[in-house]
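Undergrad: from the sequence below, what's the structure:
(2 chains)
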Amino acid sequence: MTLTALIALPLMGAGLVLIVGRVRPSSARVLALATASGSLLLTVLAVTLPAAISTPASAAVPWLLRADGLSLPLIGLTGILGVVAILASWGETRRAASHFALLLALQSAVTTVFLADDLILFYVAWEAVLIPMFFLIGVWGHENRRQAAMKFFIYTFAGSALMLVGLLVVVFTTGEVRMSALTAASLAPGTHDLVFWLLVAGFAVKVPVFPLHTWLPDAHVEAPVAGSIMLAGVLLKMGGYGLLRLALPLAPEAARAAAPLFATLGIIGIVYGAFVALAQTDLKRLVAYSSVAHMGFVVLAIAIGTPLALTAAMLGMIAHGLTAPLLFLLVGQLQDRTHTRELARLGGLMRPLPGWGTVFVFASLASMGLPGLAGFPGELVTVLEGYGAFGWWMVAVAGGIVLAGAYTLRAVRLVAFGPLPAEWAALPDLTFPEALATVPLVLGIVVLGVWPSLVADTVAPVASSIAHALGVG
Amino acid sequence: MPFIPLALGFLGGAVALILGAWGHRHCAVIASASGLGLGAVGGAWLALSAHTPLVPGAVVVMTPAAASCLVLGAIALTACSATLAATPAGPRIAILGAFAASSAALVAAAVDVGVLFVAVETLALCGLGLVAIADTDHAREAAMKWFIQGSVATVFFIIGIGVLLSRTDGSLSYAAIALRASAPSAAGPLAVGVVLVLVALAFKAGAFPFHSWMPDAFEMAPPAAVAVLASAGKVAPVAAALGLAVSIAGTASARVLPIVAFVSVASIVFGNLVALRQRTLARMLAYSAIAQVGYALAAIPLAGGSGGAAVPIFVMLYGVTSVASFVFIVALRECDDEWDGSIAGLTGLSRRRPALAASLVVIMLSLTGIPLTAGFWGKFLVFGAAATGGYLWLAIAGVLGSVVSFGYYGNVLRRAYLDADADDRSGRPTRISDGDTESSGGGVAAAATVVLALALLVAGIAPLITGLGALLPLR
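TA: Predicted coordinates for the structure are as follows:
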């Protein structure tokens, strides 16, 4: 029942926020925060007490949910980001109740994606994510929000529509909707390649894998802060989750055949994302392109396919799910003060904004993959395992890591240090809610950095079973 | 038995005709709506009750699709009753609407090509009257198109009947055709006859090369009339086409059914691409209806198997969504005299009429086929049948068509929600004062739009909880 509650609580909260927001708009955000915190507590309960989530075999729940090593880290991440997203838009005044309600609905939908054990429910939730995100970008976004919202919807819908055909083939040929009951053997022999590529069409757009990434910068840049946080934090992870959960186990042979292609695209993503990030003049766009690079590591790790590499893919996703939202949060807080994201107009902000500046430097170091912080373990293991699988190609990856250092430090130098333009001299530092929003992310980054086995141990059993199916474990 | 609900629908129209002649406008509208309503209740009961006795030699069988034509007509007339009662032409629209919905039900219920012919022609005549009723030059032109193209369809139909008659010894029932078609020697000619009738039905459904009467008709006819024509008028020919396809499925002549697949993909491509360019809501919906008929036809080649269940469910769910979209137009016209019918005119709707705008979101998402709305399940079944029945390319064309369709359906939402702030700054006066009165009141049509949107949501969510079995009685 806890799993159903994880989905139902934010959804009911969303409805309640809408109703309360009509009567007392000011209390909408308090209620939203309470709901998100309640969900987080529930998530912690679900993650720490496996007894609470064991579903009776008779399946008293009307739909099929499950939580295993692949789901638990991601629902944990979703729970944290749900709270952060609401704190991040604490000062929202335009149609605030709708904004918070959409955020909660989004959280509910994303949680369903990660928990669904029913292919139909999985797809329904997958598409349901688009609806709140469409309105979040389109109504509360920045200048080009309308185009960005349409582009985001149509682009990702195109991927997921092909994925739907793949799921339809699976459901209609096997007559089975439970993911846990489906294996490669349940598919008809000739359909593996077809199912694999149709599913990958949906997942690869979401991740995004290199040539399909073009929706990402627009959507991330135009989205409001909370929207960017959810986009970068959990929506991209849906793609990686789908690959690990469905594409690899259902069609391992096709996945193995495609591994070199995926590895190549992952490496291109790492290097290309880093180069483009290096060339950005807009801080938010820089962070967006760094996401392309970081997700490149995840794609590469999935392509390698060893148990360690798959664990590293999950570590990388969680790490990126903590660092990118923190960076987007900080950029949003900066934009609230300066109303610009142009690197050329910023500088020396460490002096007026010591608190903000410190967290910004911390987040940048985490994004670079500094040892002891979240990004390090996943990327290190990916490169080590990748050497075994793809040999000297890892030099290109190492180049990507160096470039990541370059664009991150360039951003830090241009924003936090150097001469301070006179117009920013009197900027106020972080307020209490703003500072509070950063706390869970900072804590998460440190914890994951020093104690990666917290996630790794949860993922490892599932990772080795997937790798076993792939034949590389 | 099955003809009683149909008779009730026609009777409602006939009573309304008399009442209208005496000048009782309200009574006429109410009579046609309630006649259809009674017929709808009876039809639904007959269609859903498991033990409908199948009379040998019956020419009509009350199927869920046929019942849904009555239901859709009743919904349309009831929802638009306030508008209809207020306009001089209203009673005539209501009467013709009742006749049109009843004959559409007859089209869907017919299991005999002769009865089908009479029903199709009655439906076409009622439609002609509805399109011409505005009595402007444009309306007359649209009616002329309707009439001429309808005549061409009639010719196809008559030749088809001739071919069928020559091979079935005088019986035109689907069962007789199916029986004869199983013999290899007769299969070929019978298939030709069936294809000719299918072409006539494709005209009526508005599938791609036979569609050009539709956009004008949808734009020129009063929205209340289009609510009937675009829902019951679509369900009926598709259901009839399915019945015919079933009659020759599984025989050698099933080889001709792939022709339907090409009509389907052509409709999907053409309808979606042209709909992108439309400026008025009604015209956009007309072109998108071509694409929707294309989706429905996608599973007809599989009529003997999984398509047999998928097509009626898809087309009925589309019918409900379609009726909702035109009731929305009626509702908006009731409360906003200045609206010119354009999509751009919807700008800022979310601030002016939040409830209507929210309903519009559900309607447009359902037309796109996004989950959590009814439209998803129709596409799920149709494309699932196509993908696993050897028409994978058709399923892929269908889902990609759905993606393109968000370009125009989503554009409506973009106007209503995303451009809301632009509205405040632009020259168009924001009518805050109206907001108070409108949010408190609102006409029958507005209330009906909200109710229909809620129904679409419930139908979209319920199968998740109850399992897909909830949809299966609709076969």
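Undergrad: kindly report the residues of the stretch 351-475 of chain B close to chain A.
TA: B:365, B:370-372, B:376, B:380, B:383-385, B:387-388, B:392, B:395-396, B:399-400, B:402-403, B:406-407, B:410-411, B:413-414, B:417-420, B:464-468 (Cβ under 8 Å from any Cβ of the partner chain). Heads up, the C-betas are built off the backbone N, CA and C, glycines and all.
Undergrad: quick one: find the helix or strand in chain A with the lowest mean pLDDT.
TA: helix A:50-53 (a mean of 60; mean pLDDT, DSSP states H and E).
Undergrad: for whichever helix or strand comes after that helix, the averaged confidence score.
TA: Under the assignment DSSP states H and E, the closest C-terminal helix or strand after helix A:50-53 is helix A:71-88. Helix A:71-88 shows a mean pLDDT of 93.
Undergrad: pull the distance from helix A:71-88 to the chain's centre.
TA: 10 Å (Cα atoms, centre = their mean, to the nearest Å).
Undergrad: give the other helices and strands that that helix contacts.
TA: Under the contact criterion of 3 or more Cβ pairs under 8 Å, 6 or more residues apart in numbering or on different chains; DSSP states H and E, helix A:71-88 touches helix A:28-48, helix A:96-115, helix A:225-230, helix A:236-242, helix A:307-338, helix A:432-450, helix A:453-470.
Undergrad: buried residues, the third one. List them.
TA: Put plainly, it is helix A:225-230. Residues of helix A:225-230 classed as buried by neighbour count (16 or more other Cβ atoms under 10 Å in any protein chain shown): A:225-230.
Undergrad: ok, of those, which one's closest to chain B?
TA: A:Gly227 (13.4 Å; Cβ to the nearest Cβ).
Undergrad: residue numbers of chain A in contact with chain B?
TA: Contact residues, chain A versus chain B (Cβ under 8 Å from any Cβ): A:62-63, A:120-121, A:123-125, A:127-128, A:130-131, A:134-135, A:138-139, A:145-146, A:149-150, A:153-154, A:157-158, A:161-162, A:164-165, A:168-169, A:171-173, A:194.
Undergrad: just the CA trace of stretch B:301-309, in CSV.
TA: Extracted in CSV, the C-alpha atoms of stretch B:301-309 (Å, rounded to 0.1, in the frame of the first residue of the first chain):
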residue,chain,number,x,y,z
PRO,B,301,-8.1,-5.0,-42.6
LEU,B,302,-7.9,-7.1,-39.4
ALA,B,303,-11.7,-7.0,-39.1
GLY,B,304,-11.9,-10.8,-38.5
GLY,B,305,-9.5,-10.7,-35.6
SER,B,306,-8.4,-8.1,-33.1
GLY,B,307,-9.6,-5.2,-35.3
GLY,B,308,-13.2,-6.3,-34.8
ALA,B,309,-13.1,-5.1,-31.2
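Undergrad: does chain A sit close to that stretch?
TA: Yes: judged by Cβ under 8 Å from any Cβ, stretch B:301-309 and chain A are in contact via B:Ser306.
Undergrad: tell me how far that stretch lies from the chain's centre.
TA: With Cα atoms, centre = their mean, you get 20 Å for stretch B:301-309.
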